[in-house]
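Enquirer: Mind looking at a prediction? Sequence and model below.
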Amino acid sequence: MYPHQKEALRTKQRFAVWVWHRKARKTTTSLEKLNIEAHLNKGVYWYVSPSHTLAKETIWKDPEMIQRIIRPELIDRKNEVELTIYYKCGSVLSIIGADRPDLIRGPNPKGVVLDEFSVMKPDVWGAVIQPIMRANTDAWCWFLFTPKGKNHAHTVFHYGEQGLREWRSWRLPASKSGVFI
């Protein structure tokens, strides 16, 4: 792991906004976070991608993701249709597409990762995830993206810059990550 990944995993803020360059290992780091939290705190966890197809291709089918990060001996069973992992400890990790925000419902997750948040519909956070977070003050959410102009992701990034207690925002350009030498 690179130093920026380790630092991300140590963050204590409830809402973390990572604006990292492409290939900075945002997705890998977020899956590590979900996996760690699933073992520390039994509950439901969501990894949310802009679309179901992208989630399946990026997370489920890529041998560098789920298969490498979550050791098989920790898994009770997997449901390929639902893109869900059931851990032996009782936690559940669901891989979800955000292409239809109204369908992102269900149990209140303890942790959510919104990967490529800048290309998601604003309702994913505003109308679906944010109300869940307000109802469960122990829940956390990570926002991961590369910039796409001044949209809803730009707005969320500024919450951490404003010094709000529960928020942290972090920008990581390629020149500082050490990923590309």
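Expert: All right, it came through fine. Residues are numbered from 1 along each chain as shown.
Enquirer: Check whether the most centrally placed residue in the chain sits in a helix, strand or coil.
Expert: Centroid-nearest residue in the chain: residue 113, 1.8 Å away (criterion: Cα atoms, centre = their mean). Here residue 113 takes the strand state, with states given by DSSP: H, G, I helix; E, B strand; the rest coil.
Enquirer: Look up the closest residue to it, ignoring the ones flanking it.
Expert: Nearest non-adjacent residue to residue 113, counting by Cβ to Cβ, 6 or more residues apart in numbering: residue 30, 4.2 Å away. Just so you know, the C-beta spots here come from the backbone N, C-alpha and C atoms, and that holds for glycine as well.
Enquirer: Isn't the one you found up against residue 112?
Expert: No: contact between residue 30 and residue 112 fails when scored by Cβ atoms under 8 Å: they sit 9.9 Å apart.
Enquirer: So which residues of this structure form strands?
Expert: Applying DSSP state E to the chain gives strands spanning 15-20, 44-49, 75-79, 84-87, 92-97, 111-115, 140-145, 167-172.
Enquirer: Make a markdown table out of those and add distance to residue 9 and mean pLDDT.
Expert: A markdown table is the format used below for those (distance: least, Cβ to Cβ, whole Å; pLDDT from 0 to 100):
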| stretch | distance to residue 9 | mean pLDDT |
| --- | --- | --- |
| strand 15-20 | 10 | 88 |
| strand 44-49 | 15 | 96 |
| strand 75-79 | 21 | 95 |
| strand 84-87 | 18 | 96 |
| strand 92-97 | 16 | 94 |
| strand 111-115 | 12 | 96 |
| strand 140-145 | 11 | 94 |
| strand 167-172 | 12 | 84 |
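Enquirer: Redo these as JSON lines? Include distance to residue 134.
Expert: What follows is those, written out as JSON lines (distance: least, Cβ to Cβ, whole Å):
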{"stretch": "strand 15-20", "distance to residue 134": "12"}
{"stretch": "strand 44-49", "distance to residue 134": "16"}
{"stretch": "strand 75-79", "distance to residue 134": "29"}
{"stretch": "strand 84-87", "distance to residue 134": "25"}
{"stretch": "strand 92-97", "distance to residue 134": "20"}
{"stretch": "strand 111-115", "distance to residue 134": "13"}
{"stretch": "strand 140-145", "distance to residue 134": "11"}
{"stretch": "strand 167-172", "distance to residue 134": "14"}
